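Asks: Here is a sequence with its predicted model. Questions after.
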Amino acid sequence: MMGYVSSNAQGFPPFGWGRDDFRALLDHIPAGIVIHGTDSRALYANRCARRLLGDAIELMHSYPADAGVVPLLRPDGGPLAPDANPVSCVLRSGRAVHDAIVGLPGPSPRWLICNVYPVRDSAEHIACVAACFTECTELKRVEESLLKSEERLRLAMQGSTDAPWDWDTRTGLVHYSERWWEMLGFAPSHGERDPVAWRTQMHPDDMPRVDAFVAALLASDETTYSLEFRLRHRDGPYVPVLSRGFVQRDGAGQGVRIAGTNTDLSAAKEAERRIHELAYFDHLTGLPNRRLLVDELSRMLPRSERNGQFGAVLFIDLDNFKQVNDTLGHAAGDLLLREVAARLRHTVRASDHLARLGGDEFVVVLGDLGTNEAMAIQEARIIGAKLLDALARPHALGARPSVSTPSIGAAMFGPAGAAAEDGGVDLLLRQADLAMYRAKAEGRNRLRFFDPGMQAAIERQAELEHDLRDAIGQHRFELYCQPQLGVDGRLAGAEVLLRWRHATRGLVPPDEFIGLAESSGLIVPLGALVLAESCRALARWSGHPQLREITLAVNVSAQQLRDPGFVGQVLDILAATGAPPQQLFLELTESVFADNLDDACAKMHTLRGHGVCFSLDDFGTGYSSLAYLKRFPLTELKIDRSFVKDLPEEAHAGAIVDAILALARTLDLDVVAEGIETGAQRDFLVARGCRLLQGYLLGKPSPIADFESFFGTAGARAGCRHGH
């Protein structure tokens with residue numbers, strides 16, 4: 001049956017050949033041929049058809065084409081409807097079907113390209129249908145692969161900013177993608193009307209550079225290119241683009257085609273600008289930051305040396321800026337900084353440079369002040385005075401106008417200036433910074449110029465700080481004690497005073513190093529050292545008949561009290577030494593009231609619960625108020641020597657002392673008057689009811705060993721504090 005020609009194929013074959021000859025001819029044709037009768041059943045299949053169709057040919061012989069017994073696939077892979085079979089379509093319409101793609105289902109579908117024709121008799125009736133087909137499975141696979149690639153490319157291009165284009169350099173024709181026109185705000189069809197748009201839309205300033213680049217590219221043997229330029233958007237502004245692609249060359253190496261993509265760099269340029277802004281500008285004020293300032297100065301200093309022009313760096317620090325933050329809030333502080341930046345912009349010259357270093361520190365760089373140094377200094381002084389005036393005007397930060405004055409330090413640079421030295425910029429900024437601190441030390445709200453003496457002073461301070469750090473590690477400090485006597489002349493207590501035994505400077509008094517210890521943070525370990533040595537003395541005295549009841553006052557700084565480990569440190573020292581806590585008086589200054597009252601109060605109450613006493617030093621000179629005194633667990637007040645020195649002649653001083661003594665009696669606090677140097681001062685205080693006295697008249701500070709030896713003898717008069 002596979003090679004049959006059915007007897008009902010009337011008139012077949014239509015030529016004079018025998019059937020066997022005609023069949024042999026068809027079997028050698030490299031295409032499948034199937035002859036269908038008018039009922040659409042298969043009548044004949046050649047060898048290639050039998051190979052391609054396999055067992056399906058038997059079903060095609062037994063069943064009509066539109067019976068659906070032999071399933072076929074549409075080009076998209078879906079099932080072909082039975083009435084859409086090409087043979088049925090020819091019989092139904094009488095017209096041939098050309099290049100129909102049908103598939104044979106299976107694990108790996110096979111695809112055929114079919115041409116189906118009606119064969120007519122002499123009366124023009126359809127006698128049979130001839131189907132001719134060849135396998136196109138590989139072509140179909142390639143087509144599907146290409147379609148997938150095109151789809152991937154289409155999706156990728158839709159999701160990117162790349163706009164393809166293609167330029168035939170021989171004909172001058174340019175193809176622009178839809179994305180290319182969309183990038184410039186035009187409709188895609190615009191490209192048909194403007195084939196040279198890449199030139200007409202280009203920024204005029206970029207054209208010479210682009211022309212030179214293209215000429216060099218075509219003359220070279222390069223196969224890829226990358227170039228940035230600007231194209232005008234339909235709305236007016238120019239779009240920065242990056243053009244990248246390849247160069248096609250002919251056999252002679254001539255560039256005949258340039259194809260690639262244009263990428264819209266607007267977002268990238270904006271991100272680049274934002275990154276530059278974040279890296280080089282202060283986000284709060286919009287002024288350049290330290291990095292940009294250093295870059296500018298690095299260029300200005302060598303230029304100043306070359307052209308002989310002097311310049312100046314003005315270092316500005318706002319006075320009491322922390323107080324603005326603490327009293328009005330950080331939002332008000334930020335507002336003040338922005339206002340300062342605005343005033344600086346309006347005060348300095350357009351050629352000057354501004355920067356905010358951070359916090360409340362600003363810098364103004366004045367260039368081209370002239371070739372005469374004296375005149376340049378005078379010009380810098382005039383500009384500095386304008387800055388002082390502009391910044392000292394009230395600011396509207398809250399309900400009432402606020403005044404925040406500046407302190408300004410100035411350092412000059414010029415033909416023989418700091419640029420000649422290594423690290424010239426850093427040195428110049430340090431010099432201006434030192435001058436600013438001198439302005440603060442001299443009363444603030446003023447301008448001071450750097451002089452070499454400032455540098456020498458700061459170097460001495462740095463050396464002293466190094467020595468101080470070393471001295472703390474090696475315990476090179478000595479305790480002195482100054483006695484505190486009762487009105488009966490008996491010893492009631494003592495205040496610990498610190499001396500530093502320096503290797504080359506000898507005995508250094510506290511006023512030369514305590515401030516440095518506080519500014520450098522060394523006051524915390526130094527204070528711990530003093531407290532431990534004082535408690536060891538109290539522990540020794542606790543078994544001494546003449547000294548066992550006296551108290552010992554130890555100065556404690558606000559920094560020590562703020563330290564999180566302070567309470568534990570005091571209790572550990574008391575436990576380790578065995579000192580009686582009720583005889584340890586921690587002497588605080590009124591600076592403890594200026595910061596974090598609740599924390600200070602809690603720590604004091606904890607220590608007071610363990611028996612430690614507290615004395616308030618320099619009372620009446622700082623922040624204290626009745627409300628604070630009621631909150632803190634104080635044992636005594638100390639009348640500051642500034643009030644005592646004017647007694648008894650100065651009436652105002654006497655009134656203040658009377659008020660302090662009356663307040664202490666009301667709050668049940670002891671009072672110690674310090675700085676007593678005359679008998680008249682002592683008599684005035686005793687007459688007013690002051691029970692504890694301290695000063696050079698009664699006893700100078702002496703080394704703790706000498707104090708212990710003198711007051712520990714049987715003949716020395718020692719006693720205890722009244723009520724303690």
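Replies: In hand now; what should we look at?
Asks: Quick check: which element contains residue 516?
Replies: Taking DSSP states H and E as the criterion, the element that holds residue 516 is helix 514-520.
Asks: Export only the CA atoms of that helix, formatted as PDB.
Replies: Output in PDB follows, covering the C-alpha atoms of helix 514-520 (Å, rounded to 0.1, in the frame of the first residue of the first chain):
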ATOM      1  CA  ILE A 514      45.000  71.900  85.300                       C
ATOM      2  CA  GLY A 515      43.500  73.800  82.400                       C
ATOM      3  CA  LEU A 516      45.600  71.800  80.000                       C
ATOM      4  CA  ALA A 517      44.500  68.500  81.700                       C
ATOM      5  CA  GLU A 518      40.900  69.500  81.200                       C
ATOM      6  CA  SER A 519      41.200  70.500  77.600                       C
ATOM      7  CA  SER A 520      43.100  67.400  76.700                       C
END
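Asks: Buried ones in that helix, by neighbour count?
Replies: Neighbour counts over helix 514-520 (16 or more other C-beta atoms under 10 Å) mark 514, 516-518, 520 as buried. The C-beta positions use only the backbone N, C-alpha and C, and glycine is treated the same way.
Asks: Does anything pack onto that helix? Which helices or strands?
Replies: Other elements packing on helix 514-520 under the criterion 3 or more C-beta pairs under 8 Å, 6 or more residues apart in numbering; DSSP states H and E are helix 452-474, helix 523-541.
Asks: if we go to 7 Å?
Replies: Applying 3 or more C-beta pairs under 7 Å, 6 or more residues apart in numbering; DSSP states H and E, one finds that helix 514-520 makes contact with helix 452-474.
Asks: who's in contact with whatever helix or strand comes next after the helix it packs on?
Replies: Downstream of helix 452-474, the first helix or strand assigned by DSSP H and E is strand 477-486. Outside strand 477-486, the residues that touch it by C-beta atoms under 7 Å, 6 or more residues apart in numbering are 471, 491-501, 529-530, 533-534, 672, 691-694, 698-704, 707, 719.
Asks: same thing but at 8 Å, please
Replies: Outside of strand 477-486, the residues within contact range by C-beta atoms under 8 Å, 6 or more residues apart in numbering are 471, 491-501, 507, 526, 529-530, 533-534, 537, 551-553, 672, 691-694, 698-704, 707, 711, 719, 721-722.
Asks: sorry, back to before: just how off-centre is the helix holding residue 516 within its chain?
Replies: 32 Å (C-alpha atoms, centre = their mean, to the nearest Å).
Asks: For that helix, give me every contacting residue.
Replies: By C-beta under 8 Å, 6+ apart, the residues outside helix 514-520 that reach it are 461, 464-465, 468-469, 498, 522-523, 526, 557, 559.
Asks: pLDDT wise, what is residue 15 at?
Replies: What the model reports as pLDDT for residue 15 is 45.
Asks: ditto for residue 634
Replies: With respect to pLDDT, residue 634 has a value of 92.
Asks: Please give the number of neighbouring residues around it.
Replies: Burial of residue 634 is recorded as 23 neighbouring residues (other C-beta atoms under 10 Å).
Asks: next one: residue 49
Replies: By other C-beta under 10 Å, the residues close to residue 49 number 27.
Asks: Would you confirm that it contacts residue 61?
Replies: No. The criterion here is C-beta atoms under 8 Å, and residue 49 misses it with residue 61 at 11.8 Å.
Asks: Give the residue spans of the stretch 251-400 of the chain that score low on pLDDT.
Replies: For the stretch 251-400 of the chain, the stretches flagged by pLDDT under 70 are 399.
Asks: which residues in it form helices?
Replies: For the stretch 251-400 of the chain, helices defined by DSSP state H, counting those that start in this stretch occupy the ranges 266-280, 290-307, 321-328, 330-347, 373-392.
Asks: Out of those, which is closest to residue 608?
Replies: Closest to residue 608 of these is helix 321-328 (C-beta to C-beta; 27.1 Å).
Asks: And that closest one, what's buried?
Replies: For helix 321-328, the buried set under the neighbour-count rule, 16+ other C-beta under 10 Å, comprises 321, 324-325, 328.
Asks: nearest to residue 281, of the residues you listed?
Replies: Nearest to residue 281 among the buried residues of helix 321-328, with distances taken as C-beta to C-beta, is residue 321, at 20.9 Å.
Asks: what's near enough to touch the closest one?
Replies: Neighbours of residue 321 in contact, by C-beta under 8 Å, 6+ apart: 333, 336, 359-360, 404.
Asks: ok so, going back, can the helices of the stretch 251-400 of the chain go into JSON lines with extra columns for distance to residue 366?
Replies: Shown next, in JSON lines, are the helices of the stretch 251-400 of the chain (distance: least, C-beta to C-beta, whole Å):
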{"stretch": "helix 266-280", "distance to residue 366": "20"}
{"stretch": "helix 290-307", "distance to residue 366": "10"}
{"stretch": "helix 321-328", "distance to residue 366": "23"}
{"stretch": "helix 330-347", "distance to residue 366": "12"}
{"stretch": "helix 373-392", "distance to residue 366": "6"}
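Asks: closest to residue 26 out of these?
Replies: Counting by C-beta to C-beta, residue 26 lies closest to helix 266-280 out of the helices of the stretch 251-400 of the chain; the figure is 66.5 Å.
Asks: quick one: the closest one to helix 290-307, angle?
Replies: Compare the direction of helix 266-280 with that of helix 290-307 by axes from the mean of the first three to the mean of the last three C-alpha atoms, to 10 degrees and you get 80 degrees.
Asks: which other helices and strands contact helix 266-280?
Replies: If contacts are counted by 3+ C-beta pairs under 8 Å, 6+ apart, helix 266-280 sits against strand 238-249, helix 290-307.
Asks: Let me know which of these is tucked in deepest.
Replies: Stretch with highest mean neighbour count among the helices and strands packed on helix 266-280: strand 238-249 (a mean of 18; mean count of other C-beta atoms under 10 Å).
Asks: elements contacting that strand?
Replies: The contact analysis (3+ C-beta pairs under 8 Å, 6+ apart) places strand 238-249 against strand 224-232, strand 255-264, helix 266-280.
Asks: Parallel or antiparallel, which strands does that strand pair with?
Replies: strand 224-232 (antiparallel), strand 255-264 (antiparallel) (DSSP bridges).
Asks: Residue 188 reaches residue 182, doesn't it?
Replies: Yes. In this structure residue 188 lies within contact range of residue 182 using C-beta under 8 Å: 6.9 Å.
Asks: Tell me where the model's unsure across the chain.
Replies: For the chain, counting by pLDDT under 70, the residues that fall below are 1-19, 21, 150, 152-161, 189-195, 399, 416-423, 593-595, 620-628, 714-724.
Asks: what do you get if the cut-off is 50, keeping everything else the same?
Replies: Applying pLDDT under 50 to the chain picks out residues 1-12, 15-16, 418-422, 715, 718, 722-724.
Asks: can you tell me which residue is nearest the centre of it?
Replies: Nearest to the geometric centre of the chain sits residue 278, at 7.8 Å (C-alpha atoms, centre = their mean).
Asks: for the stretch 601-724 of the chain, what spans make up the strands?
Replies: For the stretch 601-724 of the chain, strands defined by DSSP state E, counting those that start in this stretch occupy the ranges 613-619, 636-639, 670-673, 692-693, 702-703.
Asks: The helices of the stretch 251-400 of the chain: which one's closest to residue 683?
Replies: Residue 683 sits nearest to helix 321-328 of all those, at 41.9 Å, using C-beta to C-beta.
Asks: what's the angle from the closest one to helix 330-347?
Replies: Compare the direction of helix 321-328 with that of helix 330-347 by the same axes, to 10 degrees and you get 130 degrees.
Asks: Residue 108 looks like it's in a helix, true?
Replies: No. Assessed with DSSP: H, G, I helix; E, B strand; the rest coil, residue 108 is coil; it does not lie in a helix.
Asks: Can you tell me how far it is from residue 139?
Replies: In this view, residue 108 and residue 139 are 15 Å apart by C-beta to C-beta, to the nearest Å.
Asks: now swap in residue 37 and tell me
Replies: 31 Å.
Asks: I'm done for today, thanks for sticking with me.
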